[in-house]
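K.L.:
Provide a 3D model corresponding to the input given below.
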Amino acid sequence: MQELIEKADVLIEALPYIRNFSGKSIVVKYGGSAMQEEELKQDFARDIVLMKYVGMNPVVVHGGGPQINNMLDKLGMEAKFVQGIRVTDKETMDVVEMVLLGKINKEIVARLNHLGGRAVGLSGHDGGLIQAQQFGMRAAAATGKQPPEMGLVGEITAINTKVIEVLDRDRFIPVIAPIGEGQNGQSYNINADTVAGEIAACLRAEKLVYLTDVKGILDEKGELISSASRSHIRELIKQGVIEGGMIPKVESCLRALEAGVPKAHIIDGRIRHALLLEIFTDTGIGTQMVKD
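P.N.:
Numbers count the residues shown, from 1 in each chain. From the prediction side, this is the model:
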């Protein structure tokens, strides 16, 4: 009987969050171990379907770096990076599209649909969802300097949120691969963290959540920071406490906050049902970022 009462307590704790977030968009960047371990993949899909059934509008943006590296290795192609960004020539772009759209996106959609969701796979080409140009062009226009030679790496110029809004209204779950479309129809490889942050900003989403392989943002002592303001995060970047691969995630979170997203979260996707624990509980499990 006590176990049943505890289950009821969990539902009661979740009730105000379900009420507050009903009808709101929550953008989730899906990556790391949660995309690779079978049990975690299934838990993630259940979390997303549950969110949809209780009235939220989850939008999934997925990466696929390790899977792309594996495919390149199988094909005898070298993976090249400059400042952490994958150099993407035409042949590599073909592999990127094959892995992201032909394998990962379809697998996520199928899993969600099998669990009772109504998921639709998308890329930047669908309805002009993610419009892009060659990476570095914006900076080059401002400084007059030539952008680094990154091939078909893109930067976002616009997001067509109408595509997502139509799907939300008809109770579908958008699952988005981070591939942008240039003016001539050219595909561009874009950092998935950046895509998630920009979509959240343009949707004015209620939340932006990144699933990672770390607990969240750690302080200089290695302790988890459960909540931080935008100015606090900027100071941690300046001090070098936040560095490396965490910077694109954090910068995307700050961009979303500046655009009106109330909260952004970085959580440990290695924990089962991490998404539900962060959204539906009072304490959460990772780091939430808020405006000053």
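K.L.:
Leu275 and Ile48 touch, don't they?
P.N.:
Yes - in this structure Leu275 lies within contact range of Ile48 using Cβ atoms under 8 Å: 7.4 Å. Placement of C-beta: from N, CA and C, glycine included.
K.L.:
give the residues shared as contacts by these two.
P.N.:
Common contacts of Leu275 and Ile48, defined by Cβ atoms under 8 Å, 6 or more residues apart in numbering, comprise Val28.
K.L.:
could I get the full set of helices for this protein?
P.N.:
Listed in chain order, the helices found in the chain under DSSP state H are 2-21, 38-53, 65-74, 90-99, 106-114, 137-143, 161-169, 192-203, 230-239, 246-258, 274-280.
K.L.:
just name the most buried of those helices.
P.N.:
Of these, the one with the most neighbours on average (mean count of other Cβ atoms under 10 Å) is helix 192-203, at a mean of 25.
K.L.:
on contacts alone, who are the packing partners of that one?
P.N.:
Other elements packing on helix 192-203 under the criterion 3 or more Cβ pairs under 8 Å, 6 or more residues apart in numbering; DSSP states H and E are strand 25-30, strand 57-62, strand 154-159, helix 161-169, strand 207-212, helix 246-258.
K.L.:
of all those, which one is nearest Thr143?
P.N.:
Using Cβ to Cβ as the criterion, the shortest distance between Thr143 and the helices and strands packed on helix 192-203 is 14.5 Å, found for strand 154-159.
K.L.:
now do the closest one, average pLDDT.
P.N.:
For strand 154-159, the mean per-residue pLDDT is 95.
K.L.:
and what of stretch 121-137?
P.N.:
In this model, stretch 121-137 has a mean pLDDT of 93.
K.L.:
ok, now how distant is Val241 from Gly64?
P.N.:
For Val241, the distance to Gly64 under the criterion Cβ to Cβ, to the nearest Å works out to 28 Å.
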